[in-house]
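[1] Prediction below, plus the sequence it came from.
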Amino acid sequence: MDMKRAYYEDIELFKSGTILFWTIVLMVGLFTLPLFSSNYYLYLFNLIMVHVILAVGLNILVGSTGQISLGHAGFFAIGAYATVLLMTKLGIPFFPALILAAFISAFFGFILGLPALRLEGPYLTIATLAFGLAIMHIIGHMELFGGRSGLRAPAMNIGIAQLGWNCTLTTDLSKYYLILIITIVMVLGAINILKTKVGRAFVAIRDSDIAAEVIGINLTIYKTLSFAVSAFYAGIAGGLFAFVLGFFDPITFNFFLSIYFLVMIVVGGLGSIMGSIAGAAFITYLMYALFKNISDIPYIGDFIVNISQRWLSITGIDNLSAIALGLVMIGIMIFEPMGFFGIWIRIKKYWKAWPF
Amino acid sequence: MPFEQLLVEGLAMGACYGLFGLAVVMIYKTSEVINFAAGEMAMFSTFIVFHMLTFYHWPFWAALLAAFIFAAVLGALVQYIFLRPAKNPTLLSLIVITLGVEMLLMGFASWKWGAEQQEFSLPISYMVTYEPIKGFVISQWAVAVFIIAAIIMAFLYTFFNKTNLGTAMRATQQNKHAAKIMGINTDRVFAFSWGFSSVIGLVAAVLLTTKTILDPQFMLEPFLKAFAAAVLGGLMSIPGVLIGGAIMGLLENFFGYAWPAWKPITAFVVIVLVLCIRPSGLFAKHWVKKV
């Protein structure tokens, strides 16, 4: 659409004054949001932001490097368990524990990246899927990880207890600000990674890995690096997720969670950071909030409840969110394979030449 | 448990996985789609059998026949409504569409029949056992599994090699455009292979319910294992998927006997290791890669 005349223009963070303005508006909106929303919505926003971090990381792997992962719930679980266990068993303060957990997760990502060097398509799918299932079973069968009964997150003390600096976040409001800042940092990180040599190498691998190898990109390094970066993001997200939820068990990190993660980036738009943010927000809202009280939905709520009582079972009405999610997945793929990002591009193109 | 017992049980389970893997391979062979919805399509059709038996008190064979027809229509419809409209789909978008179908069917089944486990009994029992050779105790269920798997295998072999439709399906898989030029209605071939695969899935699912339970999630794990078996066999070869299934069943049974806690994942771990050595499965014929 608009031409880039210099390398510097390509790596700029804000492409134009308009983008800068709206980014500032968004930031102000996000930081003042707690003034106008209830506690439940803050909890929902915390969940959304955790999923945003994960989706942005997953998009680096799937959207930018072109590798498929159906095992990201595994990295998410590693992040959550590692953060909580490092804090409770070893007494490490929150921030070092979170970063250490993310590095542990990144290490597992590196390990999973090794078979990915040789596998592609369906074979890579089954390998990542097996990884996710294996992590779920391992944490479910070892006493260290709390077994099937799960783990309870400790108090979210972001100070250093050993030195006597205590700063415990107890409300959703304080957690909101902490997660918001971490999310902004992580998203900025992802935007900048994609503008460096590493990011361009990822994109080259996605477009054609053999051609990328020919022009001098070391596939071994960059493919495993992509898995590791993506797993690092999942680790950070998992660590924060543990504190948002407060209590979690192995079943939380099941196969369906990996599907939801994949859906977030596909619905948002592959390879687009803003798309993954929008996708994560939309899917999280759909999963957790939209169908909470079905009879409250305007116009069709009562109708659905009636159908449910008459023809189907009344208890199973919660499954509406699964059905809606399935329809969204299929619809997006059929009508707009680029997701929200594709819709946005279409709208922009339309208005660019509007009177004609 | 003695060695012979584990062997027979493992082979029977493996035949089930292989049979279900056939449903995955059928579709991959013709349209190169990994059907993640295979498990849920089979589950939904099994619930039709259950519904006919429990609420309308149909005789078992009539219920099964109704479910066969339903499964064939469901498979063809899924292909027609959800997969055909996708324009220039990539591997990922096809995976997402089939995952969407999976969520849809699972949601509907849980809405209709509830998430709780259902009572569902078949004319074949897991408890009745025979002992043809000293030491080899074989249940009625295992006998049925072996016979049905053999019949379907023989049928598929003749179907793919001797009939016109089977030849058309192989031609479509090799080169879609050339097949079109030769006068094959490839869209119909796709719809047919989906319906066919759905029916095979139903047979496997009905056999599996006897061993496990009936609830909307009961096909999830068998599907993942059947998919793994199909990948092990190379995703393209029909004998390969049965051998893959047998390896899967035996591994699961023997490892499961040694370390019961790790039973669900041993087979997966072994398969990932195998794939690291042979990246396109054990029986894949070719491994083409273009820039």
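    Received the coordinates, thanks.
[2] C-alpha from now on. contacts and neighbour counts both.
    Will do.
[3] hey, which helix or strand in the chain has the poorest pLDDT?
    Assuming you mean chain A. helix A:301-310 (a mean of 70; mean pLDDT, DSSP states H and E).
[4] Can you look at chain B instead?
    strand B:129-133 (a mean of 73).
[5] Show me the contact partners of that one.
    Residues from elsewhere that reach strand B:129-133, judged by Cα atoms under 8 Å, 6 or more residues apart in numbering or on different chains: B:137-140.
[6] try 10 Å
    B:136-143 (Cα atoms under 10 Å, 6 or more residues apart in numbering or on different chains).
[7] list the helices and strands the least confident helix or strand of chain A packs on?
    The contact analysis (3 or more Cα pairs under 10 Å, 6 or more residues apart in numbering or on different chains; DSSP states H and E) places helix A:301-310 against no helix or strand.
[8] Say whether chain B is contacted by the following helix or strand past that helix.
    Per DSSP states H and E, the first helix or strand lying C-terminal to helix A:301-310 is helix A:320-335. Yes. Helix A:320-335 is in contact with chain B by Cα under 10 Å from any Cα of the partner chain, via A:320-335.
[9] Take the contacts of strand B:129-133 and write them to a markdown table, including neighbour count, secondary structure and pLDDT.
    Converted to a markdown table, the contacts of strand B:129-133 look like this (neighbours: other Cα atoms under 10 Å in any protein chain shown; DSSP: H, G, I helix; E, B strand; the rest coil; pLDDT from 0 to 100):
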| residue | neighbour count | secondary structure | pLDDT |
| --- | --- | --- | --- |
| B:Phe136 | 16 | strand | 73 |
| B:Val137 | 18 | strand | 76 |
| B:Ile138 | 21 | strand | 80 |
| B:Ser139 | 20 | strand | 81 |
| B:Gln140 | 16 | helix | 82 |
| B:Trp141 | 23 | helix | 84 |
| B:Ala142 | 25 | helix | 85 |
| B:Val143 | 16 | helix | 86 |
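[10] Need the CA coordinates for the least confident helix or strand of chain A. PDB is fine.
    What follows is helix A:301-310, C-alpha atoms only, in PDB (Å, rounded to 0.1, in the frame of the first residue of the first chain):
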ATOM      1  CA  GLY A 301     -31.600 -16.100  24.100                       C
ATOM      2  CA  ASP A 302     -35.000 -17.300  25.000                       C
ATOM      3  CA  PHE A 303     -35.400 -19.000  21.700                       C
ATOM      4  CA  ILE A 304     -32.300 -21.100  22.300                       C
ATOM      5  CA  VAL A 305     -33.400 -22.000  25.800                       C
ATOM      6  CA  ASN A 306     -36.700 -23.100  24.400                       C
ATOM      7  CA  ILE A 307     -35.100 -25.300  21.700                       C
ATOM      8  CA  SER A 308     -32.800 -26.700  24.300                       C
ATOM      9  CA  GLN A 309     -35.700 -27.700  26.600                       C
ATOM     10  CA  ARG A 310     -37.900 -29.100  23.800                       C
END
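[11] Double-check that B:Gly281 belongs to a helix.
    No. Assessed with DSSP: H, G, I helix; E, B strand; the rest coil, B:Gly281 is coil; it does not lie in a helix.
[12] Kindly provide the whole-number mean pLDDT of the longest helix belonging to chain A.
    In terms of residue count, the longest helix belonging to chain A (DSSP state H) is helix A:219-245. Taken as a whole, helix A:219-245 has an average pLDDT of 92.
[13] who's in contact with the helix or strand following that helix?
    Using DSSP H and E, the helix or strand that directly follows helix A:219-245 along the chain is strand A:247-248. Residues outside strand A:247-248 that contact it (Cα under 10 Å, 6+ apart) are A:77, A:80-81, A:146, A:148-154, A:241-242.
[14] redo that, cut-off 8 Å
    Applying Cα under 8 Å, 6+ apart, the external contacts of strand A:247-248 come out as A:150-153, A:242.
[15] So which of these are in strands?
    Of those, the ones assigned to strands by DSSP state E are A:151-152.
[16] Output the contacting helices and strands for the longest helix of chain A.
    Helix A:219-245 makes packing contacts with helix A:39-59, helix A:72-89, helix A:94-116, helix A:172-193, helix A:197-207, helix A:209-214 when contacts are defined by 3 or more Cα pairs under 8 Å, 6 or more residues apart in numbering or on different chains; DSSP states H and E.
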